[in-house]
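S.K.: How does the following fold in three dimensions:
(one chain, ligands or ions: 1)
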Amino acid sequence: MEKDIKKDKQKKIKRGVIIFCIVVALAVSFGFFYDIFIEGGNPLQIISVGEGGAAGGEGPANLAPTSDDVVASEDIPDLTDDLAGDVEDPANTPEETAQNLSDISDTTKNETVYYDTPFIPEGGDETVQLVNKVCGVSKNYKPANLQLTKYRATDRAEANQYMVDYAANAMDAMIEAAMAEGYTVLVTTAYRSYNFQSTLYNNYVAKDGQAAADKYSARPGTSEHQTGLAADLTSATVNYKLTKDFGSTQEGQWLDAHAHEYGFILRYTSAGEPITGYMYEPWHFRYVGVENATYIHEKGITLEEFIAERY
Ligand SMILES: [Zn+2]
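M.R.: Predicted coordinates:
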């Protein structure tokens, strides 16, 4: 008798638990389908938002939280923690970037550290090597694997028209693409040795004085041309001169718009003048690889800012 009552009680409890589970399951699936079919939302969407945010870049515009998503956006930090193993380290904080930037490009210091080989930020590869007014390179440094570029201004010394092989190939490809559009551009000078730069700089100082020369010419050991990754380009439309007018020619504008597709950046922009310490040079292009060049081009920043932010 007692046993029967006990069994009956257990049955009732079991039934209760089953009914409870069914009610909960129905409620959860109603919420899930309500999200998908009534609101048109994707209940998994929050994970996409987390990935976009964690990458440190600007995620696609349609994933930006709207005012209705305020609660959802507050959940992102928890989700990004879970995803941390899958994403790259976020970019430096603005404070870190500012510190790095003053280390690598404070041109007001007017002193240069000369390295045996060009400065490469920790974690970077040689495409982001930096030679500027602050980071110099030894007079003995000459890059390996120099290769003569194909399309050259013939009134210049061939010895100064080499680039590191992969940059030379990219330069040839870029010029061929420009020619296919009807624009002819030529390399005036690319790799320049320390000694050549020294002669060049001293001539400019004799002509215009040191302060003026420092604005448009690098002191020996601080020229990007010594890396073999930079080249000056010109065209018939400016009589093969290196002039600011090149920037408003069709050739100069084509290069400005397309150089990044071949891994090059316009190295000295007007906006970047306070950072690089050089005036606008629409003719000077620097190889950094397609991915880096595209990022730098789209953000409108200098190589110094890119390195300070990224490394
Ligand atoms: Zn140049």
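S.K.: Show the contacting residues for whichever residue of the stretch 151-300 of the chain sits closest to the ion.
M.R.: The stretch 151-300 of the chain approaches the ion most closely through residue 284 (3.6 Å), counting by CB to the ion. Yep, even glycine has a C-beta here, placed from its N, CA and C like the rest. Applying CB atoms under 8 Å, 6 or more residues apart in numbering to residue 284 gives the contacts 224, 230-232, 266-268.
S.K.: Which strand residues bridge it?
M.R.: residue 232 (DSSP bridges).
S.K.: any idea how far it is from residue 232?
M.R.: As judged by CB to CB, to the nearest Å, residue 284 and residue 232 stand 5 Å apart.
S.K.: And for residue 130?
M.R.: From residue 130 to residue 232 the distance is 19 Å (CB to CB).
S.K.: same thing with residue 298?
M.R.: Using CB to CB, residue 298 is found at 24 Å from residue 232.
S.K.: Residue 267: what's its closest spatial neighbour, skipping adjacent residues?
M.R.: Once flanking residues are discounted, residue 267 sits nearest to residue 286: 4.2 Å by CB to CB, 6 or more residues apart in numbering.
S.K.: Now do the same for that neighbour: helix, strand or coil?
M.R.: Assigned by DSSP: H, G, I helix; E, B strand; the rest coil, the conformation of residue 286 is strand.
S.K.: for the stretch 51-200 of the chain, which spans come out with low pLDDT?
M.R.: 51-90 (pLDDT under 70).
S.K.: Could I get the full set of helices for it?
M.R.: Using DSSP state H, counting those that start in this stretch, the helices of the stretch 51-200 of the chain run over 70-83, 94-105, 165-180, 194-208.
S.K.: Mind giving me the packing neighbours of the third one?
M.R.: Just to be clear, that refers to helix 165-180. When contacts are defined as 3 or more CB pairs under 8 Å, 6 or more residues apart in numbering; DSSP states H and E, helix 165-180 packs onto strand 146-148, strand 186-187, strand 230-234, helix 250-258, strand 264-266, strand 284-287.
S.K.: got the residues of the stretch 201-311 of the chain near the ion?
M.R.: With CB under 5 Å from the ion as the criterion, the stretch 201-311 of the chain meets the ion at residues 232, 284.
S.K.: what's the domain layout of the chain?
M.R.: As given by automatic domain parsing, the domain ranges for the chain are 2-85, 94-310.
S.K.: Would you mind finding the most buried of the helices of the stretch 51-200 of the chain?
M.R.: Among those, the stretch with the highest mean neighbour count (mean count of other CB atoms under 10 Å) is helix 165-180, at a mean of 19.
S.K.: What angle do helix 250-258 and that one make with each other?
M.R.: Between helix 165-180 and helix 250-258, the angle comes out at 120 degrees (axes from the mean of the first three to the mean of the last three CA atoms, to 10 degrees).
S.K.: Just give me how far helix 165-180 sits from the chain centre.
M.R.: Taking CA atoms, centre = their mean, to the nearest Å, one finds helix 165-180 lying 20 Å from the centre of the chain it belongs to.
S.K.: likewise stretch 102-115?
M.R.: Distance, stretch centre to chain centre, for stretch 102-115: 21 Å (CA atoms, centre = their mean).
S.K.: for stretch 164-171, same thing?
M.R.: 19 Å.
S.K.: List the contacts of it.
M.R.: Stretch 164-171 is contacted from outside by 143-150, 162-163, 187, 190-191, 227-229, 231, 262-264, 285, 287, using CB under 8 Å, 6+ apart.
S.K.: now swap in stretch 199-210 and tell me
M.R.: Stretch 199-210 is touched from outside by 192, 212-213, 216-220, with contacts defined as CB under 8 Å, 6+ apart.
S.K.: Pick out the lowest-pLDDT one from these.
M.R.: The member of those with the lowest pLDDT is residue 216, and it reads 83.
S.K.: ok, residue 311 - contacts?
M.R.: Counting by CB under 8 Å, 6+ apart, the residues that residue 311 touches are 92, 100, 121-124, 128.
S.K.: Nice, that's everything, thank you.
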